[in-house]
Structure formats: C-alpha cells, structure tokens
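Q: Provide a 3D model corresponding to the input given below.
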Amino acid sequence: MHGDPHQVLLGDIGGTHARFAFLAEDRIGSIETLAARDYSCFADSLAAFLSRHPETRCFGRLLLGCAGPIEDGRCELTNSSWIIDAAELRAKFNRAAVRVINDFEALAWSLPSLASSDLFKIGNGGADATAPMAVLGPGTGLGVACHALNPGGEIVFASEGGHATLPATCRREDAIIEHLRNRFGHVSVERVLSGDGLVNLYEAIVAIDHSSAAHKSAADITAGALEGGCAICREALDLFCAMLGTVAGDVALTFAAKGGVFIAGGIAPRIVEYLRDSQFRTRFESKGRSKSYLVDIATSVIVRREPAFLGLQRLARMTPDR
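A: Okay, the predicted model is just below:
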C-alpha cells in the first residue's frame, strides 16, 4: 500500500453525480462533478477522475460520502446500481485507508462549521449551540442525519429516515397518498420529497383531478410554479414545501434538534424564497401540543455549494488514521 496519509481524496457520491476533490494541507482543491450515468460502476468513475488529475495519485486515504445505507464499509446506492465497497477499493487502488460513510453523515459533520452566509434562514427560531442539530434534504433521494455533542466530543447519527412513511394532514393529502399507495405500495417520505417525488405529486394531482395536463419533468414543474403559469405545477410545489415542513418538524422532534434543523440537497437552495413564503414553517410548527417546542427551533436552507465536502474535511481532520 502506498500514498501520503496526509493527502486525502474526498468523494460525495449520489444517485445522479459523483463529485471528487483532493484534500492536502487541510485545503480542499477544486471539486469535479461526473455524471453517474456515464460509468458502469463507481471504480470506473474514480479511475476516470484520477486519469485526468495525475497530481492526485499520491493520496493515501479515500473518504467517501455515499447516498445509501452502509454495512461493513459497503454501500449499495439507493437510487443507482452502483455498489461501493471499501475492501474492493483498497485492493483495486492499492490504498490502506478507505472509509465509506453515508452522504448525510458527511453533511451532518459540516453543520458546526457553517457560517451565517452559508444559510438562508426561514422563520424566527433560534439555536442552542449545545443541542443536537438535524439535517435533511431532498435531491435524487432524501437523506436525514443528526449531529450531537457527547462527553467525548462530537457524534453523528446517520439514518434512513427518507424511507419512513409519509404522513398526511388533510383530505387532499389523503387522496394524493392513496393514489401513490395504489401505484407504489408503501409511500415513503422520499416518494414525494425528491426530484422524482415532485413529479409524483404533479402526476397524482393530474390523475385525481382527471386533468389532461402533459407530463412534465421536475425542472419543468418548478419553473411552471415559480413563473406562475401553471396551476397544477404551483399546487405540486406548494404541497412539496408543506410536506417538507411537516417532515422537518417530525425530524426536529425525533432528534430533539434544538440546535437547528437544516435543509440540504439539490432542490431547496433553488427555491429558497418560494419555500420561505410557503407553508413550510407553519407546517414545521404544527404539531399540536408540541408547537411551543418547535416555535423556538431555527430552520435554515444550506445555500453553501457542496457542503458535504466541508463535513468530509472535518472528519478527515478529526480521524487522521482512518
């Protein structure tokens, strides 16, 4: 095995993109994004990155945040056919230290280092610096994690919270979930709070209302809502924001996240003003007897580009031998 253990190759690996950056002397280099569809397996994407950046071949450690559950250093991506296995990567790339963690675990490690300029705050809640902080975010899928302090320092809890059952709060949502249940069986949070989820919401509205509206992509739905020219797109995005608020409130209660709830992922940063003016915050707080508990908790969208790399950098610094 070879390589400089002080030089770390970082990766943020999702269902749509694989992103890589080189960490040397505690500085992150430029981040390169590769389309997952262009490579049959993860190792091919990593090899392609290394072939274009020969200066990075001296890295001694590989630290990857991956969009899926981790078991014994192995991840089967939830929304991709890729399998990422630390043992296989050690052998193939001749590196002693390869660590695979959940992508939202990486995001949770970034939370203590985020500046106010990295955040778009929604609502008037505050943050207790000693309390747990939770992060969730819709993108290709939906991830959930929590950062907390303990007597030994910091700890992060990864989860598969995106696959929890989606709740309804009114008859319209009952009807939408019933439609999605007939289509998918189990209706998880991720079935609506993701790029495909926004399409699912739109198509459910079309079906329930017996509309003849044309199929649209998530980008088309978002544009139709923001521009105000499509009532169905607007309702779909309104539902998306409201349901995100409901789920974010559930996450806050689950983790006792008085340190704040942070929204990450590829969708929310593009619609921050719409999200602020939506039912997101009202639904976040609408938990009956627990409303007073949630009113005091801050909610923010992470608008910093590629925040997972900040978390990977912190983790690399904190665990220099892994």
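
Q: and the pLDDT for Thr140?
A: Listed pLDDT for Thr140 reads 88.

Q: distance of the residue nearest to it when sequence neighbours are not counted relative to Ser81?
A: Excluding the flanking residues, the one nearest Thr140 by C-beta to C-beta, 6 or more residues apart in numbering is Gly15, at 3.9 Å. C-beta: built from backbone N, CA, C; applies to glycine. In this view, Gly15 and Ser81 are 10 Å apart by C-beta to C-beta, to the nearest Å.

Q: looking at these two, which one has more neighbours?
A: Shown here are Gly15 and Ser81; by other C-beta atoms under 10 Å, Gly15 has more neighbours (23 against 11).

Q: do I have it right that that one meets Cys75?
A: No. At 11.6 Å, Gly15 does not count as touching Cys75 under the criterion of C-beta atoms under 8 Å.

Q: doesn't the residue nearest to Thr140 lie inside a helix?
A: No. With DSSP: H, G, I helix; E, B strand; the rest coil as the criterion, Gly15 is located in coil rather than a helix.

Q: got a list of what Ile263 touches?
A: Each residue near Ile263 by C-beta atoms under 8 Å, 6 or more residues apart in numbering is listed here: 135-137, 244, 248, 275, 299-302.

Q: whoops, Leu180 was the one
A: Neighbouring residues of Leu180 by C-beta under 8 Å, 6+ apart: 166, 187, 191-192, 200, 204.

Q: show me the helices in the stretch 51-200 of the chain, by range?
A: 86-93, 103-110, 171-184, 195-208 (DSSP state H, counting those that start in this stretch).

Q: which stretch in the ones you listed is the model least sure about?
A: Among the helices of the stretch 51-200 of the chain, helix 86-93 carries the lowest mean pLDDT (a mean of 92).

Q: what's around Thr210, how many residues?
A: Quick fix: residue 210 is His, not Thr. With other C-beta under 10 Å as criterion, His210 counts 6.

Q: would you list the phi and psi of it?
A: Main-chain torsions, His210, degrees, to the nearest 10: phi 50, psi 40.

Q: give me the distance between it and Leu239.
A: 18 Å.

Q: quick one: the strands in the stretch 51-200 of the chain, in order.
A: 59-66, 70-71, 74-76, 83-85, 97-102, 119-122, 133-138, 142-150, 153-158 (DSSP state E, counting those that start in this stretch).

Q: so what does the fourth one touch, helix or strand wise?
A: What that stands for is strand 83-85. strand 74-76 (3 or more C-beta pairs under 8 Å, 6 or more residues apart in numbering; DSSP states H and E).

Q: now the strand it packs on: how far from the chain's centre is it?
A: Distance, stretch centre to chain centre, for strand 74-76: 17 Å (C-alpha atoms, centre = their mean, to the nearest Å).

Q: contacting residues for the residue nearest to Thr140?
A: Gly15 touches 36, 67, 77-80, 140-141, counting by C-beta under 8 Å, 6+ apart.

Q: so what pLDDT did it get?
A: Model confidence at Gly15 (pLDDT) stands at 87.

Q: ok so, going back, now, which of the contacts of Ile263 sits nearest Lys258?
A: Thr299 (12.0 Å; C-beta to C-beta).

Q: for that closest one, grab phi and psi.
A: Per-residue torsions, Thr299: phi -120, psi 140 (degrees, to the nearest 10).

Q: same question for the one 4 residues further on.
A: When quoted as degrees, to the nearest 10, the phi and psi of Val303 stand at phi -100, psi 0.

Q: then the one 3 residues further on?
A: Reported as degrees, to the nearest 10, the phi and psi values for Glu306 are phi 50, psi 50.

Q: so it sits against Asp12, correct?
A: Yes. Using C-beta under 8 Å as the test, Glu306 is close enough to Asp12 to be in contact (6.9 Å).
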